[in-house]
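Novice: with the sequence up front, the predicted model follows.
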Amino acid sequence: MSLRPIARWLLAAFLALMSAAVGAQTRFGLSPEAYAVFNRWMLSGCIGGEEAAFQEDLRRYPQALTRAFEQAITAGPSAQELRAARAAVEARYDSRKKFPLEQFRIEGVDREDLARFSRVSRQEYVADQVRLFATGYRSNAVAGLASVGGARARTLLARIAGNSRDPLALAAREALKQRSQK
């Protein structure tokens with residue numbers, strides 16, 4: 001048996017192992033444990049009410065999470081997370097369209113607002129809600145960075161907070177304010 005087939009086999013095995021290792025890596029290079037904390041934080045719908053419960057988990061991985069939150073502010077949600085959000089929003093739109101608004105008396109909302117609500121197209125609704133999801137995801141990264149980041153994180157947050165055109169400016173100002181109260 002020549003060495004050539006053995007070398008090919010070894011190369012193929014090496015490439016297969018490397019592919020498996022790359023496939024097993026989590027987003028932003030986090031360990032599986034740190035990624036579980038990161039993902040739970042990032043996909044929380046209501047950080048404010050749950051923040052205290054997360055703080056201890058966040059403090060276990062401050063350096064890794066600082067890098068991940070910085071990257072998440074720039075990158076936003078993954079393509080897979082955006083697809084999942086889009087699917088959920090599309091299902092919500094379908095449910096919303098089936099609801100018989102005209103059969104109910106709705107207090108506190110004028111007819112023009114209800115008519116505008118009913119006229120929103122599927123495309124407009126989905127695009128708006130996915131945009132809000134992506135902004136919320138990035139806002140969670142801002143809040144997470146304020147919790148675990150050091151001086152460099154404060155500098156980044158101050159820069160974001162100072163840019164009134166940045167959709168994360170309000171989240172960054174609030175995060176800096178919360179951080180200074182601790």
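Specialist: Sure thing, it's come through. Numbering: from 1, shown residues only.

Novice: pick out the residue closest to the middle of the chain.
Specialist: By CA atoms, centre = their mean, the chain has its centre lying nearest to residue 137, at 3.0 Å.

Novice: thought that residue was touching residue 73?
Specialist: No - contact criterion CB atoms under 8 Å: residue 137 and residue 73 do not qualify, at 9.6 Å. Using the backbone N, CA and C atoms, a C-beta is placed for each residue, glycine as well.

Novice: picking up where we left off before, which residues touch the residue nearest to the centre of the chain?
Specialist: Listed by CB atoms under 8 Å, 6 or more residues apart in numbering, the contact set of residue 137 reads 42, 43, 72, 76, 77, 81.

Novice: which of these are buried, as a ChimeraX select command?
Specialist: Here is the ChimeraX selection string for the buried members of these, based on 16 or more other CB atoms under 10 Å:
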select :42,72,76,77,81
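
Novice: just checking, which of the contacts of residue 137 belong to helices?
Specialist: 42, 72, 81 (DSSP state H).

Novice: ok so, going back, determine which two of the contacts of residue 137 are furthest apart.
Specialist: Among these, the pair separated by the greatest distance (CB to CB) is 43 and 76, at 12.7 Å.

Novice: host element of residue 131?
Specialist: Residue 131 belongs to helix 122-148 when elements are defined using DSSP states H and E.

Novice: which SSE is immediately downstream of that helix?
Specialist: Counting by DSSP H and E, the element after helix 122-148 in chain order, helix or strand, is helix 151-161.

Novice: and that following helix, average pLDDT?
Specialist: Average pLDDT, helix 151-161: 95.

Novice: same thing with stretch 166-182?
Specialist: Here the average pLDDT along stretch 166-182 is 89.

Novice: buried stuff in that stretch?
Specialist: Neighbour-count burial for stretch 166-182 flags 168, 169, 171, 172, 173, 174, 175, 176, 179 (criterion: 16+ other CB under 10 Å).

Novice: out of the residues you listed, which is nearest to residue 145?
Specialist: Using CB to CB, residue 175 comes nearest to residue 145 of these, at 7.3 Å.

Novice: need the three-state assignment for that closest one.
Specialist: Here residue 175 is recorded as helix under DSSP: H, G, I helix; E, B strand; the rest coil.
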